[in-house]
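Engineer: predicted model, plus sequence, below.
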Amino acid sequence: MQDSDFTSGKDSHSYKDHRDMDQPPQHQNQQPGVEAEMEPRPQYIDPAYKAAGKLEGKVAIITGGDSGIGRAIAVHFAAEGADVVINYYGDQEEQDAEKTIALIEEYGGRGLAVKGDIGEEDFCVFLLKKTLETFGQVDIIINNAAQQYPQDSIEDITQFQLEKIFRINIFSMFYLVKAALPLLKEGSRIINTASVTAYKGNANLLDYSTTKGAIISFTRSLAEQLVDRTITVNAVAPGPIWTPLIPASFPADKVAEFGKNVLMKRPGQPSEVAPAYVFLASNDASYITGQVIHPNGGVAVNG
């Protein structure tokens with residue numbers, strides 16, 4: 001399939017060898033960032049990917065599903081037969097959200113985009129309501145949305161920033177699972193996006209890394225709580241992945257060097273992360289709960 005809407009520069013299907021990708025210096029002024037403004041644009045699915053109908057008849061909700069890893073998950077899920085609800089934050093992300101819905105439909109699924117702040121519990125309830133009105137069920141919850149604001153010192157992290165990061169990155173997972181739980185049936189899946197920073201730390205992302213550590217504990221504890229209902233809870237902890245959050249978080253010179261400090265000497269593509277979510281969402285992972293998958297380019301982690 002050809003990404004005909006985005007033809008300038010390298011499009012998302014042009015990476016035959018990911019080692020050839022080079023990201024020029026670039027910066028975006030507002031989070032969570034816009035995929036349509038990135039150069040090169042991230043790859044959301046490898047053209048060699050072979051779908052096998054692993055999610056036929058399923059309905060998934062993906063927070064932060066308009067771009068980056070969220071978009072890649074949405075496209076892979078659609079290719080595997082699922083209908084997909086994506087949540088996005090605000091007007092700035094609307095173009096990306098529309099593109100993702102078009103891709104969901106192109107890959108054979110039905111899509112719904114719902115704008116709003118998942119850091120607000122009332123909105124999470126509304127998101128579930130819209131999902132039920134449109135598709136009549138929900139089977140898979142992907143807690144993926146996150147923000148990060150680098151600071152050199154803990155002294156620079158304001159109360160406002162700290163509360164915002166926790167509200168978006170971890171409170172939202174509590175809110176969405178609470179809203180979804182009465183609707184989830186036996187065999188449903190909850191998958192949370194953590195980060196390599198939960199294991200390795202990051203001096204400039206202290207609050208972000210702390211929330212990602214909390215997500216690991218949330219995943220393992222919720223897995224214990226829901227095991228008797230045959231609902232699995234797992235996480236994916238990506239390393240440096242080429243998504244809009246990167247140019248929206250870091251200065252241009254840092255973006256140009258992003259991901260080059262891992263064993264593979266490059267950032268990963270969202271297309272290299274999304275299959276982990278397909279696996280955890282499918283019946284292939286029926287004997288896995290409370291676990292974490294690490295697509296991180298070779299970063300050594302413990303736990």
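Structural biologist: Looks like it came in fine. Every value quoted in this text rests on a predicted model; they were computed, and no experiment measured them.
Engineer: surely Ala60 forms part of a strand?
Structural biologist: Yes: under DSSP: H, G, I helix; E, B strand; the rest coil, Ala60 sits within a strand.
Engineer: grab the nearest non-local neighbour of it.
Structural biologist: Ile140 (3.8 Å; CB to CB, 6 or more residues apart in numbering). Backbone N, C-alpha and C define where each C-beta goes, glycine included.
Engineer: thought Gly57 was touching that neighbour, still the case?
Structural biologist: No: here Ile140 does not reach Gly57: they are 11.3 Å apart, not a contact under CB atoms under 8 Å.
Engineer: neighbour count for these two, which is higher?
Structural biologist: The neighbour count for Ile140 versus Gly57, taken as other CB atoms under 10 Å, is higher for Ile140 (25 against 10).
Engineer: straight-line length of stretch 179-196, end to end?
Structural biologist: 28 Å (CA to CA, to the nearest Å).
Engineer: alpha carbons of stretch 264-271, as CSV, please.
Structural biologist: Only the C-alpha atoms of stretch 264-271 are listed here, as CSV (Å, rounded to 0.1, in the frame of the first residue of the first chain):
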residue,chain,number,x,y,z
MET,A,264,21.8,-1.0,17.2
LYS,A,265,23.0,2.6,16.8
ARG,A,266,19.7,3.9,15.6
PRO,A,267,16.2,4.7,16.7
GLY,A,268,13.5,2.1,16.1
GLN,A,269,10.4,2.5,14.0
PRO,A,270,6.9,2.2,15.3
SER,A,271,6.5,-0.7,12.9
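Engineer: what sits up against that stretch?
Structural biologist: Stretch 264-271 is contacted by residues 15, 18-19, 21, 23, 42-46, 49, 68-69, 71-72, 238-243, 246, 258-260, 295-298 when judged by CB atoms under 8 Å, 6 or more residues apart in numbering.
Engineer: mind giving me the PyMOL select for those, buried ones only?
Structural biologist: Filtering these down to the buried ones (16 or more other CB atoms under 10 Å) takes a single PyMOL command:
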select buried, resi 15+18+21+23+42+43+44+45+46+68+69+71+72+238+239+240+241+242+243+246+258+259+295+296+297
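Engineer: which of the contacts of stretch 264-271 fall in helices?
Structural biologist: Gly68, Ile69, Arg71, Ala72, Ile246 (DSSP state H).
Engineer: between these, which is closest to Ile86?
Structural biologist: Arg71 (7.9 Å; CB to CB).
Engineer: quick check: mean pLDDT of the lengthiest helix in the chain?
Structural biologist: Across the chain, the longest stretch assigned as helix under DSSP H is helix 206-226. For helix 206-226, the mean pLDDT works out to 98.
Engineer: which elements pack onto it?
Structural biologist: Under the contact criterion of 3 or more CB pairs under 8 Å, 6 or more residues apart in numbering; DSSP states H and E, helix 206-226 touches helix 159-166, helix 172-180, strand 189-193, helix 197-200, strand 232-236.
Engineer: buried ones in that helix, by neighbour count?
Structural biologist: Quick answer for helix 206-226 (16+ other CB under 10 Å): 206-216, 218-220, 222-223, 226.
Engineer: likewise for stretch 159-167?
Structural biologist: Leu162, Ile165, Phe166, Arg167.
Engineer: those residues into TSV, with extra columns for pLDDT and distance to Gly64?
Structural biologist: Supplementary listing: the buried residues of stretch 159-167 in TSV, determined by pLDDT from 0 to 100; distance: CB to CB, whole Å:
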residue	pLDDT	distance to Gly64
Leu162	98	20
Ile165	97	14
Phe166	98	16
Arg167	98	14
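Engineer: show me what the lowest-mean-pLDDT helix or strand in the chain is in contact with.
Structural biologist: Least confident helix or strand of the chain, by mean pLDDT, DSSP states H and E, is helix 245-249 with a mean of 77. With CB under 8 Å, 6+ apart as the test, helix 245-249 has contacts from 26-34, 37-38, 68, 146-150, 240, 255, 258, 267.
Engineer: just the buried residues of the residues you listed.
Structural biologist: Among the contacts of helix 245-249, the ones that count as buried by 16+ other CB under 10 Å are 28, 31-34, 38, 68, 146-150, 240, 255, 258, 267.
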